[in-house]
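A.B. asks: can't give you the sequence, but here's the structure:
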């Protein structure tokens, strides 16, 4: 898949759904519920058991209808095997230049984590396509706006503590998209097999992002 088109797809969607569940089979079912709700950018965390199998299965199931990535990547080796398994974007909680280099080598989207303006600019100058601001809820939406005032060229993806109440504020502050975990993939709903709850929340997040962008 073309990296530029994938980047456009991610930004257009505006929501990156983060999956952290008990096994790969459950991850595939959750991904299906998310996709049914209209969110077509899905990140499978490597903390999910058999995460690579889940990435491959989800990628094969949806093909080019969804953009599948890997999250919680700490080193280049993990990035490489995830990319070979089908990941089109790689997300990290921290900045690791080796991970960015691996993504560039395979022409995949790199989203390293950073927090301070210095870290954010360092990640951008190191080749990040988007910078994950984590943990975003600690500083709030105003922080995104304040960072973008002197660094308007940087694409920011706030992650951590994003929910339906504050998602729109982060978009209005200038974030290119938001990444959502527990507020979308409800653990209780998953445990009870009520995947329709996840589908509905996916729709809700898309609506919030759309409304915020229109304003």
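C.D. replies: Alright, I've got the coordinates. Source: prediction; values computed, not measured.

A.B. asks: can you tell me how far residue 6 sits from residue 191?
C.D. replies: When distance is defined by C-beta to C-beta, to the nearest Å, residue 6 is 32 Å away from residue 191. All C-beta spots, glycine's among them, are computed from the backbone N, C-alpha and C.

A.B. asks: Counting neighbours, go ahead and name the busier of these two.
C.D. replies: Between residue 6 and residue 191, counting by other C-beta atoms under 10 Å, residue 6 is the more crowded of the two (20 against 11).

A.B. asks: Where does the more buried one sit: helix, strand or coil?
C.D. replies: Secondary structure state of residue 6, per DSSP: H, G, I helix; E, B strand; the rest coil, is helix.

A.B. asks: now swap in the one 10 residues further on and tell me
C.D. replies: Look at residue 16: counting by three-state DSSP, its state is strand.

A.B. asks: what's near enough to touch residue 212?
C.D. replies: For residue 212, the contacting residues are 167, 168, 169, 171, 172, taking C-beta atoms under 8 Å, 6 or more residues apart in numbering as the criterion.

A.B. asks: quick one, phi/psi of it?
C.D. replies: Dihedral angles of residue 212 (phi, psi; degrees, to the nearest 10) stand at phi -60, psi -40.

A.B. asks: if I look at it, how far off is residue 145?
C.D. replies: 13 Å.

A.B. asks: One more: residue 163?
C.D. replies: Taken as C-beta to C-beta, the spacing of residue 163 relative to residue 145 amounts to 19 Å.

A.B. asks: ok so, going back, just the closest of the contacts of residue 212 to residue 105, please.
C.D. replies: The closest of these to residue 105 turns out to be residue 171 (C-beta to C-beta; 31.7 Å).

A.B. asks: State the number of residues packed around that closest one.
C.D. replies: Counted with other C-beta under 10 Å, the burial measure for residue 171 works out to 24 neighbours.

A.B. asks: go on, residue 82?
C.D. replies: Neighbouring residues of residue 82 were enumerated by other C-beta under 10 Å; the total is 26.

A.B. asks: Next: residue 193.
C.D. replies: Neighbouring residues of residue 193 were enumerated by other C-beta under 10 Å; the total is 10.

A.B. asks: what about it, which helix or strand?
C.D. replies: Using DSSP states H and E, residue 193 is not contained in any helix or strand.
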